[in-house]
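S.K.: Turn this into a model:
(chains A, B, C and D)
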There are 2 protein chains.
Amino acid sequence: MQKKKYNISVEATLEVIGGKWKCVILCHLTHGKKRTSELKRLMPNITQKMLTQQLRELEEDGVINRIVHNQVPPKVEYELSEYGRSLESILNSLCAWGEKHLTKVYGDKFSVLEDSVLNEQLK
Amino acid sequence: MQKKKYNISVEATLEVIGGKWKCVILCHLTHGKKRTSELKRLMPNITQKMLTQQLRELEEDGVINRIVHNQVPPKVEYELSEYGRSLESILNSLCAWGEKHLTKVYGDKFSVLEDSVLNEQLK
DNA sequence: CCGAATCCATTTTGATACTG
DNA sequence: CAGTATCAAAATGGATTCGG
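M.R.: Predicted coordinates:
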C-alpha cells in the first residue's frame, strides 16, 4: 500500500468525505438504508454518473455498504457501514451548521426541504 | 438577495467550507492568525492562485477576517472571524477523524506532520 | 521580496443517450 | 432500475508577470 503524505490530518478526512456530493449522500444515509433511486430523488441535482461514482468510492473507503438484491428489476441499497457511523456526529453537526447559516443569511424562512419530509413524500 | 434552493441543509455548509482547500485553510486558522506566506508553507500543494481565491471566498462568507498591514513588503494576515469560530468544533472533529482514519488505514505510524510542529518550524 | 493577477493545461463534474 | 459511455462545462493546477 502506497503511503500518501498529508500535511494536516483533515486532508485524510477530505479524501474520504470530500468533493461535492459525498457528505450529502452520507447525510441522507444517516437516516437509514436507501436504494439508488431514493438517493437520486433526494438529490435532484446529482447525475446518475456522479451518484454511482461517489457511492463506489464511499464503498471502497469502507464508510458505506452496498446491498445487492438479486431480482428483476434490480434493487440495490446503500447504508452507512459500522465504520461510516463514526462519521455520524460530524455529519449531524454539518447539517446543523448549515441550518443556522441559512437562517443567518436569509432570515428565519429558508428553502430547505428537510429530508425527513422528503422521506415521507417518498413513501 | 437571490434565494438559493437546497435539498438538505448540509449543502449550505458545503457552499461555505466545501471544495478542496477551504477546510484545510480553516483548520490551520483554528491555531491562530496566519499570514499568506505562512498558509502557503503549511499547504505546500496549494497554488498561490487557489489560496488567494479561497481566502477571498471565505472572507465573503464571513468566516475569516483579512487584516492588511500597510507596509512594504506587504503583510496580510487572516484569522477566523467570530462567525468562523462557530465552525471550530466541526473542524477539530474533522481533523480528529482523519487521524483515526490514517491509523486504521496505515497503522500507527503515518505521515502527518502536525501543524503544531510546523508552526514551531515557522518561527 | 510579498501578495495577487493573467493565461492556458489538466482534472473534476455535468448533460445526455444508451444497455442489461 | 441501476449502471455505463461520450462529450461538454466548470473547478483546479502550473507558470509567468505585475505593482508596490
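S.K.: can you give me the strands in chain A?
M.R.: Remark: strands assigned in chain A by DSSP state E are A:34-35, A:64-69, A:75-80.
S.K.: got CSV for those, with distance to DNA strand D too?
M.R.: Every C-beta, even on glycine, is put in place using the N, C-alpha and C of the backbone. Formatted as CSV, those follow (distance: least, CB to the nearest atom of the strand, whole Å):
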stretch, distance to DNA strand D
strand A:34-35, 4
strand A:64-69, 7
strand A:75-80, 4
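S.K.: Now tabulate these in CSV and tack on mean pLDDT.
M.R.: Converted to CSV, the strands of chain A look like this (pLDDT from 0 to 100):
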stretch, mean pLDDT
strand A:34-35, 96
strand A:64-69, 97
strand A:75-80, 97
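S.K.: Among the ones you listed, which comes closest to chain B?
M.R.: strand A:34-35 (12.6 Å; CB to the nearest CB).
S.K.: Tell me which of the strands of chain A lies nearest to B:Thr30.
M.R.: Taking CB to CB, strand A:75-80 is the member of these nearest to B:Thr30, at 27.1 Å.
S.K.: So A:Lys75 versus A:Met43, what's the distance?
M.R.: Taking CB to CB, to the nearest Å as the measure, A:Lys75 falls 19 Å from A:Met43.
S.K.: ok, now A:Tyr83?
M.R.: Distance from A:Tyr83 to A:Met43, by CB to CB: 22 Å.
S.K.: How about A:His28?
M.R.: 7 Å.
S.K.: Of the two, which one has the most company?
M.R.: Legend: neighbour count by other CB atoms under 10 Å in any protein chain shown for A:His28 and A:Met43, higher for A:His28 (23 against 20).
S.K.: which non-adjacent residue is nearest that one?
M.R.: Nearest non-adjacent residue to A:His28, counting by CB to CB, 6 or more residues apart in numbering or on different chains: A:Leu42, 5.1 Å away.
S.K.: Then A:Ile46?
M.R.: Per CB to CB, 6+ apart, closest to A:Ile46 is A:Trp21, 5.7 Å.
S.K.: Residue of chain A nearest DNA strand D, please.
M.R.: Relative to DNA strand D, the nearest point of chain A is A:Ser37 (2.7 Å; CB to the nearest atom of the strand).
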